[in-house]
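**Q** Please find the sequence and the predicted model below.
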Amino acid sequence: MEMLKSRAMLAAVLCAGMFLMTGCTTRLGDFTVLSTKNVDVSGLKPGDRQTGEDCVNMLFGMIPMGEVNWKNAMDQALERGKGDVMVDVVLTAKGWVIPYVFGQTCMEFTGTVSQTASYRH
């Protein structure tokens, strides 16, 4: 009887472990120009700093109802600034949750929207 209890406990622990070890893969974005180094951007027509954001709601505070899309957030900022390139960009992940009720996760781009010579023509 003791051996049956230990096997049941082992099975329960293994099942719980497999449940907790789930994961997923999310495409984070496509970038035409991206650098963490200082780059000469003297050919750009600078604009104002803009912010773009894309958010996804989470059911029960842990089940995403879609995917946060970096491209949507960046495109939003570019459209607001009427440009095609962002300089000095800060990418921020934000979120909040009411445990077991509801939540939201967001990606936010803030930067100086500029225009390249090819965009101005």
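**A** On my side now, so go ahead. Numbering: from 1, shown residues only.
**Q** going forward, measure contacts and count neighbours with C-alpha atoms only.
**A** Noted.
**Q** got the residue ranges for the strands in the chain?
**A** Taking DSSP state E as the criterion, the chain carries its strands at 45-59, 63-64, 85-98, 102-115.
**Q** Could you say which of these is packed most deeply?
**A** Mean neighbour count (mean count of other Cα atoms under 10 Å) peaks for strand 102-115 among the strands of the chain, with a mean of 21.
**Q** Run me through the strand neighbours of that strand, direction for each.
**A** strand 45-59 (antiparallel), strand 85-98 (antiparallel) (DSSP bridges).
**Q** could those be laid out in JSON lines, adding mean pLDDT and distance to Val33?
**A** Below are those laid out as JSON lines (pLDDT from 0 to 100; distance: least, Cα to Cα, whole Å):
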{"stretch": "strand 45-59", "mean pLDDT": "92", "distance to Val33": "16"}
{"stretch": "strand 85-98", "mean pLDDT": "89", "distance to Val33": "8"}
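**Q** Looking at the ones you listed, which is nearest to Asn72?
**A** strand 45-59 (6.2 Å; Cα to Cα).
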